[in-house]
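K.L.:
what shape does this take:
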Amino acid sequence: MSTTIRNVAIIAHVDHGKTTLVDAMLRQAGTFRANEALTDRVMDSNDLERERGITILAKNTAIFYHDSKINIVDTPGHADFGGEVERALKMVDGVILLVDASEGPLPQTRYVLSKALEARLQPILVINKIDRPDARPQEVLNEVYDLFIDLDATEDQLDFPVLYTNGKLGLATTDIATPGTDLQPLFETIVSTIPPASGDADGALQILVTNLDYSDYLGRLAIARVFNGTLRTGDEVNISRRDGSLHKTRITKLFSFAGLKRVDIEATEIGDIVAVAGVEGITIGETITGIENPAPLPAIVIDEPTIAIQFSVNNSPFAGREGQFVTSRNLRERLEKELLTNVSIRVEDTGSPDSFKVLGRGELQLAILIEMMRREGYELQVGRPEIVTRTIDGKVMEPVEHLTIDIPENFVGTVIERLGPRKGEMVKMHNHGSGRVRLEFRVPSRGIIGLRSEMLTETRGTIVMNALFDGYIPYQGEITQRLTGALISDRSGNITAYALDSLQDRGTLFVQPGVEAYEGMIVGEHSRDNDLDVNAVREKKLTNMRASSADDAIRLAPPRLLNLEQSIEFIADDELVEVTPKSLRLRKKILQANRRPKRHAVPTT
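P.N.:
Sure thing, here's the model as predicted:
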């Protein structure tokens, strides 16, 4: 076959238009039939990705341009899913760095670019959304050059081609003054800039597994890149495990990618990205290699997790009502299944058989896992996120984040004031002159837990904030967490509007009338710093006595309904979030009021 193979990953910050650009590339490469029904963001195949408008899982597709096959890997833009990015970059020889023409390079751009430069990949810069009224392409280009220099790019890497695109309309041009008509310049640039895949088709077999898929008919599929050698259907091969052991298996089927479809092939080509069936038990980072002379490739190195959350079996009074999978065995099996496909998550046992410590890159990554589990019918309880400390040279070190905040000028004082108690140190402040200011801080990871919801309230929803792991610093001492207490139901029953009417002056309510509550369930946030046990199920007694207030209408302010991330951010150390397929409930770890230590009192156990 005479096609040359180019492997390229699209990397960018969240919401800069990666998946939309891939849509346009697939359309213009003739991947779809003229009468085929198309959805937007076709690569975001997961329900959660569509709802949130973010890419969570790295996925690959392939397009054909003249006599070249271009394998495109769409990567997540969020640093919490960095494990997806790291393994995706193992599959490619170059990257398309996508940057918004107005926002410029942001923290996640820095993160994914640093990984690409470390891997010595050839970059192509695409400045997207040039149709924005506040686009500033020349300044953004200068900022990207500064970023490359800051990340110690080599001379070759600094000599990158630049394109200006409108991903939504599918236009690209190499000269900002000349509007583009299609994506032809982008295809040309990929073919001329990204080196063709290299390797020896007759050499020792080396195929690195970088992703996993599942087929109802064929079982587990390994998605892998061919570095050396040729693999044929029916071949007997060795799988080199992460622990160094070799395991023999027979390949039952091979697929290559064309557009969004998998195509049967008899033999692999050098550099191609293929799906391999007949590899039961294989995991990410392992190598498919020959029987005679096995030559395993180095395993994929993944950054260490920085945040941990305790997952435990639901033991509330409502346990088992709404979920299908409720036991510790169900929970363990689901977490072990997640470990097979998610290389950046770790699971550790705790002292209790009913709870597991799940370690990941950030709150969002773990919240997405919890959300996926609840949609699959699992019921569980999760605790407050904790940081993962390290001991280096006898000193306790904690993870620190590089936090970038974009806000209107009039909120600068508020933001600085809020980050002080959280041990935030401002490193940069930049005013674009557009009415918004960009602030950069170094903040311990602990200081960011619960920050987003507080900041959204303080800045009336105008804040854009992004955090990026930035190494370890000596432990910074105590950081005050939530300053307010909770309103806690002191008995079971259905919540009534009559009871809530008298409680709404005490703080912010999280529940609506008619919701069922139990003792120890949190129904609101107290306006003071202590917890308050309240009767939220009190009913108005029917009597034949008349009173002047008898017919006053009850007017309730709308409750603050927390989503999963907000719930995890809100809870204190002695509280849990009860997660079921239908409900999210906040509760105290100890439900009985008489056994529960008072807030700010030292617990006896």
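
K.L.:
run the chain-centre distance for the helix or strand harbouring residue 405.
P.N.:
Here residue 405, judged by DSSP states H and E, is contained in strand 395-408. Computed by C-alpha atoms, centre = their mean, to the nearest Å, the separation of strand 395-408 from the middle of its chain amounts to 17 Å.

K.L.:
who does it pair up with?
P.N.:
strand 390-392 (antiparallel), strand 436-444 (antiparallel), strand 464-474 (antiparallel) (DSSP bridges).

K.L.:
winner for burial among the ones you listed?
P.N.:
strand 436-444 (a mean of 20; mean count of other C-beta atoms under 10 Å). To be clear about C-beta, it is placed using only N, CA and C from the backbone, and glycine gets the same treatment.

K.L.:
show the subsequent helix or strand relative to that strand.
P.N.:
Downstream of strand 436-444, the next assigned helix or strand under DSSP H and E is helix 445-448.

K.L.:
what sits up against that next one?
P.N.:
306-307, 387, 398-401, 403, 419, 422-424, 467, 469, 476, 479 (C-beta atoms under 8 Å, 6 or more residues apart in numbering).

K.L.:
buried ones in the helix or strand just after the strand holding residue 405?
P.N.:
Using DSSP H and E, the helix or strand that follows strand 395-408 towards the C-terminus is helix 412-419. Buried residues in helix 412-419, defined by neighbour count with 16 or more other C-beta atoms under 10 Å: 412, 415, 418, 419.

K.L.:
what's the closest of these to residue 533?
P.N.:
residue 418 (29.6 Å; C-beta to C-beta).

K.L.:
what residues are up against the closest one?
P.N.:
451, 454, 455, 458.

K.L.:
right, and residue 540 touches residue 498 too?
P.N.:
Yes. Here residue 540 reaches residue 498: they are 4.5 Å apart, a contact under C-beta atoms under 8 Å.

K.L.:
can you find the helix or strand in this structure with the smallest mean pLDDT?
P.N.:
Lowest mean confidence among the helices and strands of the chain (mean pLDDT, DSSP states H and E): helix 47-52, at a mean of 52.

K.L.:
in the sheet, which residues pair with residue 474? Tell me.
P.N.:
Partner residues in beta bridges with residue 474, using DSSP bridges, are residue 397.

K.L.:
and it, what does it touch?
P.N.:
With C-beta under 8 Å, 6+ apart, residue 474 has these contacts: 395, 396, 397, 398.

K.L.:
and the helices in the chain?
P.N.:
18-28, 47-52, 82-88, 107-118, 137-150, 155-158, 184-193, 328-341, 363-375, 412-419, 445-448, 451-458, 497-503, 564-570 (DSSP state H).

K.L.:
hey, least reliable of those by pLDDT?
P.N.:
For those, the bottom mean pLDDT is recorded on helix 47-52, which sits at a mean of 52.

K.L.:
confidence score at residue 257?
P.N.:
We have a pLDDT of 80 for residue 257.

K.L.:
burial measure for it, as a count.
P.N.:
When neighbours are defined as other C-beta atoms under 10 Å, residue 257 has 20 of them.

K.L.:
that one bridge partners, please.
P.N.:
Beta-bridge partners of residue 257, as defined by DSSP bridges: residue 262.

K.L.:
how about stretch 115-135 as PDB, C-alpha atoms only?
P.N.:
Written as PDB, here are the backbone C-alpha positions of stretch 115-135 (Å, rounded to 0.1, in the frame of the first residue of the first chain):
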ATOM      1  CA  LYS A 115       4.100  17.300  27.600                       C
ATOM      2  CA  ALA A 116       4.300  17.500  23.800                       C
ATOM      3  CA  LEU A 117       7.600  19.400  23.800                       C
ATOM      4  CA  GLU A 118       9.100  16.900  26.300                       C
ATOM      5  CA  ALA A 119       8.100  14.100  23.900                       C
ATOM      6  CA  ARG A 120      10.000  16.000  21.100                       C
ATOM      7  CA  LEU A 121       6.900  16.300  18.900                       C
ATOM      8  CA  GLN A 122       6.700  18.600  15.900                       C
ATOM      9  CA  PRO A 123       4.100  21.400  16.600                       C
ATOM     10  CA  ILE A 124       1.700  23.300  14.300                       C
ATOM     11  CA  LEU A 125       0.100  26.400  15.800                       C
ATOM     12  CA  VAL A 126      -3.600  27.000  14.900                       C
ATOM     13  CA  ILE A 127      -5.100  30.200  16.100                       C
ATOM     14  CA  ASN A 128      -8.800  29.500  16.200                       C
ATOM     15  CA  LYS A 129     -12.000  31.600  16.400                       C
ATOM     16  CA  ILE A 130     -10.500  34.500  14.400                       C
ATOM     17  CA  ASP A 131     -14.100  35.600  13.800                       C
ATOM     18  CA  ARG A 132     -14.500  36.700  17.400                       C
ATOM     19  CA  PRO A 133     -15.100  40.500  17.800                       C
ATOM     20  CA  ASP A 134     -12.400  40.600  20.400                       C
ATOM     21  CA  ALA A 135      -9.900  38.500  18.500                       C
END
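
K.L.:
tell me the one of the contacts of helix 445-448 nearest residue 297?
P.N.:
Nearest to residue 297 among the contacts of helix 445-448, with distances taken as C-beta to C-beta, is residue 469, at 26.2 Å.

K.L.:
from residue 521, how far out is that closest one?
P.N.:
Noted for residue 469: a distance of 35 Å to residue 521, by C-beta to C-beta, to the nearest Å.

K.L.:
list the contacts of stretch 582-591.
P.N.:
By C-beta under 8 Å, 6+ apart, the list of residues contacting stretch 582-591 reads 316-318, 322, 486, 488, 510, 518-522, 562-564, 567, 570-571, 574-578, 596-597.

K.L.:
and that stretch, what's buried?
P.N.:
584, 585, 586, 587, 588, 589, 591.

K.L.:
ok, now stretch 482-490?
P.N.:
Counting neighbours by 16+ other C-beta under 10 Å, stretch 482-490 gives 482, 484, 485, 486, 487, 488, 489, 490 as buried.

K.L.:
quick one: residues contacting the first one.
P.N.:
Listed by C-beta under 8 Å, 6+ apart, the contact set of residue 482 reads 450, 570, 572.
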